[in-house]
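**Student:** this one's structure only:
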């Protein structure tokens with residue numbers, strides 16, 4: 001029997017892949033009172049048709065990980081529940097930055113790259129020209145911050161305004177601390193190997209074309225993946241909100257004999273010569289295969305006694321708090337420019353990371369629905385321990401200043417997500433390698449999955465679970 005610790009999206013996915021692989025039902029234990037982790041959809045108290053997403057809200061259909069999630073959705077029978085946003089939708093085309101309380105639309109096409117768009121003083125194409133014309137002449141680097149890398153390759157403005165904002169949106173972190181090797185590994189290696197990112201992309205494209213011409217068998221895709229490609233999906237969600245995915249997963253698992261337990265906290269783990277003994281709420285369970293989707297600091301504490309070296313690396317991964325404030329306003333014409341939303345560069349020193357235009361992405365009736373993201377790397381210095389009233393007041397103040405929405409919201413919801421996002425600091429790639437190597441070398445019957453190890457997105461978490469389960473079979 002296999003045991004899975006944690007009932008967020010990665011834990012539920014691990015249980016799903018274990019069931020699919022062996023046809024033996026694992027046991028899954030979740031310490032909180034619900035499944036789904038940070039994916040949580042609530043209904044506005046002012047209008048039952050309005051959804052508030054308290055965490056992730058959309059998925060990307062592209063890449064290996066994105067296609068894997070589409071395959072999972074298809075296998076769960078969610079094909080008719082998909083709500084896609086195509087590439088010509090305003091939410092796909094219009095991504096904005098807020099600089100000096102003014103909103104600027106980022107270029108969304110090749111032609112836009114040749115125009116000067118505030119806050120940039122030159123067309124963004126100059127960044128690519130800079131990279132191509134300046135071969136990297138420094139000593140080979142093992143890692144670097146994303147900010148340093150982008151500034152070196154593409155210029156200060158792109159690092160300061162564009163990429164720093166993107167990192168706020170991706171992991172609520174500081175681009176001056178986050179590892180380029182972990183989040184942008186291919187681009188970093190292009191610089192180190194080919195002395196230029198553009199040259200590396202060019203050579204990689206030639207390699208792909210050569211493989212295609214050589215008759216390399218194309219990857220098989222499920223019908224839902226094919227549909228996403230034909231219809232040019234940019235992002236998508238599900239009817240009734242993204243929480244429908246973990247809810248459907250948990251229902252599927254229960255109906256196939258998987259024991260799912262909430263309010264079930266793991267108190268102790270003992271690795272022995274014949275497997276693992278896991279103590280849940282005072283009761284012991286034996287297993288040959290233990291899969292942990294717990295945060296790194298939680299599993300680190302549990303293995304500290306037997307494997308202090310492994311625990312040191314797990315406990316060294318920092319996590320940050322993020323506040324999510326949802327607003328509902330009467331009237332669906334309150335936004336001057338429709339789009340996905342806007343991000344705020346850290347240099348602006350504002351109390352928000354960005355705002356998502358939920359009602360531009362999905363039908364919310366005659367309402368304007370917004371989500372304000374706050375905190376992350378800067379949570380403690382800006383909000384202390386976090387007071388909901390203070391967070392609400394700071395969020396609505398920025399809505400009024402930047403979006404000029406002066407009316408009182410019909411409803412709002414403040415959620416403080418404690419230690420929700422790991423920070424991939426410089427050296428994180430090597431840290432994860434050490435963690436995995438230690439587990440392999442000491443033959444510990446433990447597999448790790450989740451956002452600390454493979455990336456912060458929902459697609460990353462699901463794929464991380466799949467890889468962890470596949471490694472058990474190997």
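**Tutor:** Arrived safely, thanks for sending. What you see is a predicted model, and the numbers here were worked out from it, not measured in a lab.
**Student:** flag the shaky bits of the stretch 1-150 of the chain, pLDDT-wise.
**Tutor:** Scanning the stretch 1-150 of the chain for pLDDT under 70 picks out nothing.
**Student:** in stretch 139-150, which residues are buried?
**Tutor:** 141, 143, 144, 145, 146, 147, 149, 150 (16 or more other CB atoms under 10 Å). Bear in mind the C-beta positions are built from the backbone N, C-alpha and C, glycine included.
**Student:** in strands only, show me these.
**Tutor:** Residues of the buried residues of stretch 139-150 located in strands (DSSP state E): none.
**Student:** which one of the residues you listed is nearest residue 460?
**Tutor:** When these are compared for distance to residue 460 (CB to CB), residue 146 comes out closest, at 16.8 Å.
**Student:** that closest one contacts residue 182, doesn't it?
**Tutor:** No. Residue 146 is beyond contact range of residue 182, at 9.3 Å (criterion: CB atoms under 8 Å).
**Student:** now the strands for the stretch 151-300 of the chain?
**Tutor:** Under the criterion DSSP state E, counting those that start in this stretch, strands of the stretch 151-300 of the chain are mapped to 233-238, 259-261, 266-272, 275-280, 283-287, 289-292.
**Student:** ok, how many other residues are close to residue 80?
**Tutor:** Residue 80 has 6 neighbours, counted by other CB atoms under 10 Å.
**Student:** ok, now the one 5 residues further on?
**Tutor:** In terms of burial, residue 85 registers 20 neighbours under the definition other CB under 10 Å.
**Student:** who's in contact with the strand or helix carrying it?
**Tutor:** Under the criterion of DSSP states H and E, residue 85 resides in strand 82-86. When contacts are defined by CB atoms under 8 Å, 6 or more residues apart in numbering, strand 82-86 is touched by residues 58, 61, 73, 91-92, 224, 228, 231-239, 361-362.
**Student:** so what strands line up beside that strand?
**Tutor:** When pairing is defined by DSSP bridges, strand 82-86 lines up against strand 233-238 (antiparallel).
**Student:** surely residue 351 forms part of a strand?
**Tutor:** No. Residue 351: not assigned to a strand; according to DSSP: H, G, I helix; E, B strand; the rest coil it is coil.
**Student:** from residue 386, how far off is the residue nearest to it when sequence neighbours are not counted?
**Tutor:** Nearest non-adjacent residue to residue 351, counting by CB to CB, 6 or more residues apart in numbering: residue 394, 4.5 Å away. Distance, residue 394 to residue 386, by CB to CB, to the nearest Å: 11 Å.
**Student:** one more: residue 303?
**Tutor:** 30 Å.
**Student:** so the two - more neighbours on which side?
**Tutor:** Legend: neighbour count by other CB under 10 Å for residue 303 and residue 386, higher for residue 303 (21 against 17).
**Student:** helices of the stretch 51-200 of the chain, start to end?
**Tutor:** 63-75, 90-93, 125-133, 146-154, 156-157, 164-171, 180-183, 185-194, 197-213 (DSSP state H, counting those that start in this stretch).
**Student:** so what does the fourth one touch, helix or strand wise?
**Tutor:** Using 3 or more CB pairs under 8 Å, 6 or more residues apart in numbering; DSSP states H and E as the contact definition, the elements that helix 146-154 packs against are helix 125-133, helix 180-183, helix 185-194.
**Student:** again, 6 Å this time
**Tutor:** The contact analysis (3 or more CB pairs under 6 Å, 6 or more residues apart in numbering; DSSP states H and E) places helix 146-154 against helix 125-133.
**Student:** what helices or strands is the helix it packs on leaning on?
**Tutor:** helix 146-154, helix 197-213.
**Student:** which one of these lies closest to residue 126?
**Tutor:** helix 146-154 (8.5 Å).
**Student:** which other residues reach the closest one?
**Tutor:** 127, 130, 131, 158, 159, 163, 175, 176, 178, 180, 197 (CB atoms under 6 Å, 6 or more residues apart in numbering).
**Student:** just send the strands of the stretch 151-300 of the chain back as JSON lines, with mean pLDDT, mean neighbour count and distance to residue 121 too.
**Tutor:** Below are the strands of the stretch 151-300 of the chain laid out as JSON lines (pLDDT from 0 to 100; neighbours: other CB atoms under 10 Å; distance: least, CB to CB, whole Å):
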{"stretch": "strand 233-238", "mean pLDDT": "97", "mean neighbour count": "22", "distance to residue 121": "29"}
{"stretch": "strand 259-261", "mean pLDDT": "97", "mean neighbour count": "16", "distance to residue 121": "55"}
{"stretch": "strand 266-272", "mean pLDDT": "96", "mean neighbour count": "16", "distance to residue 121": "54"}
{"stretch": "strand 275-280", "mean pLDDT": "96", "mean neighbour count": "17", "distance to residue 121": "58"}
{"stretch": "strand 283-287", "mean pLDDT": "96", "mean neighbour count": "13", "distance to residue 121": "59"}
{"stretch": "strand 289-292", "mean pLDDT": "96", "mean neighbour count": "26", "distance to residue 121": "48"}
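**Student:** since that was my last question, I'll sign off now.
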